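Provided below for reference: sequence and predicted model.
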Amino acid sequence: MIRLIFTILLALISLLAVFKAFEYHLWLLAIGVTEFPWLFSSITILVLLAGFFGGRYIMPGTIIGIVALLLFLSPIFRAYIVAADVRAEFDDAFGVTNTDSTSAPYSFLKMFKKPVSIPYKKITYVKYADTAMSLDFYPSQIAGKKPCVIVVHGGSWAGGDSQQLPELNSYLATKGYNVASINYRMAPKWQTPAPVEDIVNTIKYMRGHADELNIDTTKFVLIGRSAGAQIALLAAYTMHEKDLKGVVDFYGPADMVWGYSIPSNPLIMDSRKVMDQYVGGSFSQVPMKYYDCSPLNFVNEHSVPTLIIHGTNDVLVSPEHSHRLNGALQNNHIKHYWLQLPWATHGFDYNLNGPGGQLSTYTTLQFLNTITR
C-alpha cells in the first residue's frame, strides 16, 4: 500500500513535466522536474523496485509508476527532438554554415557534469547622486581583446541581483567572452527607463576601461532574463548603439501593453502590481509609458539580431510575448531565431546542464559566435 501511495504521488508530480503549474511552489517544483529529470526518474525507479516481488497492489502501483517514469523522462526525449533540428534551423535563420559541429546541442551524460566557475571582479560602474551601481566582471579566459556580454538579471524589476544564475557567465568567459553581469536601479524606487540608462552607463564604463579589461569595444551583446530581458530588449532597440551586435531574450515580456491586459495567475505572481511599480502606474493611468517600455514597438529595419528563448510551459511570462516579438522581427526582416522548449517553464536555465539549460546555452554560444565574428 505504501508503494502504491508513493507511485501515485510521483505520478502527480510528473504531470508538471507536461502541464503548466498553477501555484507558486508548484512552479518551483516544475523547474526541478523538467531540468533535473534524472533525479526524479531515479527516485521513481527505486520506488518501483521496492516491494516489486511481494505485497498487495503490485500491478496498479507498477503501472502508475511506469507512467510517472515516462513523464519524468519526457523532457530528455523532447530535448533530443529539439536538438536534432536546432543547428540547421539556426544556420538557416542567420544564413551561416559555420556553427559549431563538434559539440552536441544536448547530451544525456552532460546532465551529470558540474558547471564551471571562474573568479569575478566586483566593479562600480556608475555613481549617481543618490546611489552607485556595481557589476560582476568575468574576464575572458582566452587572451586578447574580446567582445563584452552584458547580462541583465530578472526579478520582476524589483528583486534579484548580479549573482543570479552565474553559471552561464563563467561558461561564456571560458569561451572567449568578457561578461559583465550588472546590478541596475530597481522598482519601486526607480522606474523605467532607469535600467536602460544603467546599460548605457555600463557600455560607457567598458569603453573607458577597455585596455584594462581587454574589451573589444566594437562588439557588445546584451543578455537578459525575464524582467531583465525586457530591459535588455528595450535598450537594444532604442539606444541606437552602433557597436551593439545583438541581444538575447530569455523569456522576457516584450509587449507590456498586451501583458498588462492578460495578467499572470495571481497564485504565482501579481503581474499587474509589479508592472505598476516598474512603469509608474496602471495602464489606465499611464498608457503611453506602457507603450514606451514595450520593446517590440521599437523594432524596425535597423534593429540588431535577436535570439529569443522561451519555454512553452512558462507560467510567469506568457510565450505569447515571444510570439509577438518574433512576428515584429519577421515583419522587419531582422535576423533572429526563436528557440522554443515545449517542456520548459520560467527559469528553466537554473540548471545549466539540464535539457533546457543545455539547449539554451548551446544556442546562445552559437548566436554570440555568429554575430561577433
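Nice, I can see it.

domain parsing for this protein?
Using automatic domain parsing, the domain parsing of the chain gives 2-81, 102-371.

who wins for proximity to Ala88 among those?
Proximity of these to Ala88 was assessed by CB to CB; the nearest stretch is domain 102-371, lying at 10.7 Å. C-beta coordinates here come from the backbone N, C-alpha and C atoms, glycine included.

ok, Lys145 - contacts?
In this structure, Lys145 makes contact with Ala210, Asn214, Ile215, Asp216, judged by CB atoms under 8 Å, 6 or more residues apart in numbering.

all helices of the stretch 201-350 of the chain, in order?
Assigned helices in the stretch 201-350 of the chain, in chain order: 210-213, 227-238, 256-261, 271-279, 287-292, 320-331 (criterion: DSSP state H, counting those that start in this stretch).

pick the most buried one from these.
Ranked by mean neighbour count, the helices of the stretch 201-350 of the chain are led by helix 227-238 with a mean of 27 (mean count of other CB atoms under 10 Å).

so which elements touch that one?
strand 146-152, helix 194-208, strand 215-225, strand 244-250 (3 or more CB pairs under 8 Å, 6 or more residues apart in numbering; DSSP states H and E).

just checking, what's the longest helix in this structure?
Across the chain, the helix with the greatest residue count (assigned by DSSP state H) is helix 58-94.

quick one: low-confidence ranges for the stretch 201-350 of the chain?
Across the stretch 201-350 of the chain, no stretch falls below the confidence threshold (pLDDT under 70).

one step back: after the longest helix of the chain comes which helix or strand?
As assigned by DSSP states H and E, the chain's next helix or strand after helix 58-94 is strand 121-127.

pull out the buried positions in that next one.
If you call a residue buried by 16 or more other CB atoms under 10 Å, then strand 121-127 has these buried ones: Ile123, Tyr125, Val126.

mind listing what's buried in whichever helix or strand comes after it?
As assigned by DSSP H and E, the chain's next helix or strand after strand 121-127 is strand 132-138. The neighbour-count criterion (16+ other CB under 10 Å) identifies Met133, Leu135, Asp136, Phe137, Tyr138 as the buried residues of strand 132-138.

would a markdown table of the residues you listed with distance to Ile223 and pLDDT be doable?
Written out in a markdown table, the entries for the buried residues of strand 132-138 read as follows (distance: CB to CB, whole Å; pLDDT from 0 to 100):
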| residue | distance to Ile223 | pLDDT |
| --- | --- | --- |
| Met133 | 18 | 98 |
| Leu135 | 13 | 98 |
| Asp136 | 13 | 98 |
| Phe137 | 15 | 98 |
| Tyr138 | 12 | 98 |
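
from those, which is closest to His346?
Proximity of the buried residues of strand 132-138 to His346 (CB to CB) peaks at Asp136, which lies at 22.9 Å.

find the centremost residue of this protein, please.
Note on the chain: the residue nearest the mean C-alpha position is Phe250, at 3.3 Å, using CA atoms, centre = their mean.

leaving aside the residues next to it on the chain, what's closest to that residue?
Across the structure, with CB to CB, 6 or more residues apart in numbering as the measure, the residue nearest Phe250 apart from its sequence neighbours is Arg225 (4.2 Å).

ok, now how distant is that neighbour from His310?
Between Arg225 and His310 the distance, using CB to CB, to the nearest Å, works out to 11 Å.

list residues touching both of those two?
Counting by CB under 8 Å, 6+ apart, the contacts common to Arg225 and His310 are Phe250, Tyr251.

nearest to Asp91, out of the domains of the chain?
Judged by CB to CB, the one of those that comes nearest to Asp91 is domain 102-371, at 8.6 Å.

and for the residue nearest to Ser322 when sequence neighbours are not counted, the neighbour number?
Closest residue to Ser322 apart from its sequence neighbours, by CB to CB, 6+ apart: His310 at 4.2 Å. Taking other CB atoms under 10 Å as the criterion, the count of residues near His310 is 29.

wait, doesn't His310 sit right on Pro319?
Yes - the pair His310 and Pro319 passes the contact test of CB atoms under 8 Å, sitting 4.9 Å apart.

compare the domains of the chain and report which one is nearest to Glu89.
Shortest separation from Glu89 across the domains of the chain is recorded for domain 102-371, at 6.9 Å, computed as CB to CB.

picking up where we left off before, Throw the helices of the stretch 201-350 of the chain into a markdown table and include distance to Asp91, thanks.
Below are these laid out as a markdown table (distance: least, CB to CB, whole Å):
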| stretch | distance to Asp91 |
| --- | --- |
| helix 210-213 | 32 |
| helix 227-238 | 23 |
| helix 256-261 | 31 |
| helix 271-279 | 36 |
| helix 287-292 | 35 |
| helix 320-331 | 17 |
